[in-house]
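Peer 1: give me the fold of what follows.
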Amino acid sequence: MRFNKILASIPIVAIILLSGIVAAGSQAQSLAVDANHALDNIVEQQMKEAGMVGLGAAIIADNKIAWMKGYGFSNKERAVPFTPNTIMNIGSISKTFTGVALMQAVQERKLSLDEDINAYLPFKVINPYFPKKAITLRQLATHTSGITDRWAIYEGTYHYDGDSRESLEEFLKSYFTPSGKYYSKENFLDAQPGTHREYSNIGAGLAGYIVEIAVGEKLNTYTKRHIFAPLQMNNTGWFLAEIDPANHSKLYVAQGGLTIPIPLYGITTYPDGGIRTSVADLSKFFIALLNDGEYEGARILKKEPAEEMLRFQYTESNKPDNVNLNGEDSVNSGIFWATKFDATKIGHNGSDPGIRTMMLSSLARDVGVILFTNTSLCDEETGKYDAIFSALWKHAVELKQGTQQFTGK
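Peer 2: The predicted model follows:
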């Protein structure tokens, strides 16, 4: 009766307007649900066709998490769901953490991006083809140092029985010192440092080692205090020994219609690809990078070094001889920060045995997508992973524009 009396006192025009608002809201909610169902269908279909076991993703809009969800399994054999909190190694996205640690050291005036790296090292790193030309941290971070990954040696840095027993310092000294067991002139390009781009994991490992020397602490413990803790990344670490194995995803390889589990592994040159984290944790870090170094009041970089890290380092007057800055196949680079899709998106991706990852945003930094799968794919199936990314990106743009509402989990 009370409701009827209140209703009777409301003018009929107001009731009509209110009804219209409610109807519009219901229609928007219905469209949002339909959009999420459509996204789920695309993701699940592509996963099934490619043989992906587990997948996690997040959408970021205007420096906030707008959508986040897991699909499939982190452990297929035990039917353990893959969730946004599932931990797995993320491959070369790890380089962005090395990049932040490097810029923190630059911020504290402990390192310079343009100093000869031999000013910091306890052993010399000299390109035998250009012995008088210095190698700098900026060159290491933009993959123009002239250091190359000699596969016969680099493949031995993966240890499928746990964390690497060989230290980062031991490996690097053996790789770069002429008397070292891994040394060869072929560890370097016949190209003057700064003039040619070749992606180098070992170069990233060397940069991480230089950060360790500068801050007087191993990178894993330093980043725990200066990145993970401020951002409350409680499910993140570098080594298997730092992660609860119950929360770590199993890894798989899909090929020839079969999906096969593989052992977890450690990496000697861990600054280039050793981070283990979750979609939820990485989202905090990604937002901090897109927001000039800050996430929800926690600052990991001051604005100026954060901008320098993301700034395109290649210009028409200062670019590698094998880089195109415009049009199809164009690329650019920040400090361990990359461009993808013809320089239309920025961030980094990762690919290693049992994993494939992406962490990319628009050039305006207002839309971003994170995508993990715990399954490495053969070349013929990578298009299905890309199709999932494309569907997520479309959904991200819609969320940014406000045409859909958050209903992810």
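Peer 1: what count of nearby residues applies to residue 228?
Peer 2: Around residue 228 there are 24 other residues, counting by other C-beta atoms under 10 Å. C-betas here are computed from N, CA, C, even on glycine.
Peer 1: show me where the stretch 251-400 of the chain has its strands.
Peer 2: Along the stretch 251-400 of the chain, counting by DSSP state E, counting those that start in this stretch, strands occupy 251-255, 258-262, 266-267, 276-277, 294-295, 298-299, 338-340, 345-352, 355-362, 367-373, 375-377.
Peer 1: winner for burial among those strands?
Peer 2: Neighbour counts (mean count of other C-beta atoms under 10 Å) averaged over each of these peak at strand 367-373, with a mean of 27.
Peer 1: can you tell me the closest non-neighbouring residue to residue 96?
Peer 2: With sequence-adjacent residues excluded and distances taken as C-beta to C-beta, 6 or more residues apart in numbering, residue 96 is closest to residue 348, at 5.2 Å.
Peer 1: who is the one you found paired with across the strands?
Peer 2: Beta-bridge pairing for residue 348 (DSSP bridges): residue 359.
Peer 1: just residue 355 next, same as before
Peer 2: Under DSSP bridges, the beta-bridge partners of residue 355 are residue 352.
Peer 1: quick one: it and residue 90 touch, right?
Peer 2: Yes - between residue 355 and residue 90 there is a contact under C-beta atoms under 8 Å: 6.9 Å.
Peer 1: can you tell which of the strands of the stretch 251-400 of the chain is closest to residue 243?
Peer 2: strand 276-277 (5.2 Å; C-beta to C-beta).
Peer 1: coming back round to it: who touches both of residue 355 and residue 90?
Peer 2: Counting by C-beta atoms under 8 Å, 6 or more residues apart in numbering, the residues touching both residue 355 and residue 90 are residue 372.
Peer 1: hmm, residue 184 is touching residue 148, no?
Peer 2: No - Residue 184 lies out of contact with residue 148 (C-beta under 8 Å); the separation is 10.1 Å.
Peer 1: who's more crowded, these two?
Peer 2: Just comparing residue 184 and residue 148: by other C-beta under 10 Å the higher neighbour count belongs to residue 148, 18 against 13.
Peer 1: can you give me phi and psi for that one?
Peer 2: phi -120, psi 150 (degrees, to the nearest 10).
Peer 1: tell me how far it lies from residue 117.
Peer 2: Distance, residue 148 to residue 117, using C-beta to C-beta, to the nearest Å: 16 Å.
Peer 1: ditto for residue 163
Peer 2: When distance is defined by C-beta to C-beta, residue 163 is 26 Å away from residue 117.
Peer 1: quick one, helices of the chain?
Peer 2: Using DSSP state H, the helices of the chain run over 2-8, 12-50, 94-107, 137-141, 151-154, 168-176, 201-215, 219-223, 279-290, 303-310, 382-401.
Peer 1: mean pLDDT for the ones you listed - can I get that in TSV?
Peer 2: As requested, these are exported to TSV (pLDDT from 0 to 100):
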stretch	mean pLDDT
helix 2-8	41
helix 12-50	70
helix 94-107	98
helix 137-141	98
helix 151-154	97
helix 168-176	98
helix 201-215	98
helix 219-223	98
helix 279-290	98
helix 303-310	98
helix 382-401	95
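Peer 1: same list, those helices, but as a markdown table with distance to residue 229 please.
Peer 2: A markdown table is the format used below for the helices of the chain (distance: least, C-beta to C-beta, whole Å):
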| stretch | distance to residue 229 |
| --- | --- |
| helix 2-8 | 52 |
| helix 12-50 | 33 |
| helix 94-107 | 13 |
| helix 137-141 | 24 |
| helix 151-154 | 32 |
| helix 168-176 | 22 |
| helix 201-215 | 15 |
| helix 219-223 | 9 |
| helix 279-290 | 12 |
| helix 303-310 | 18 |
| helix 382-401 | 29 |
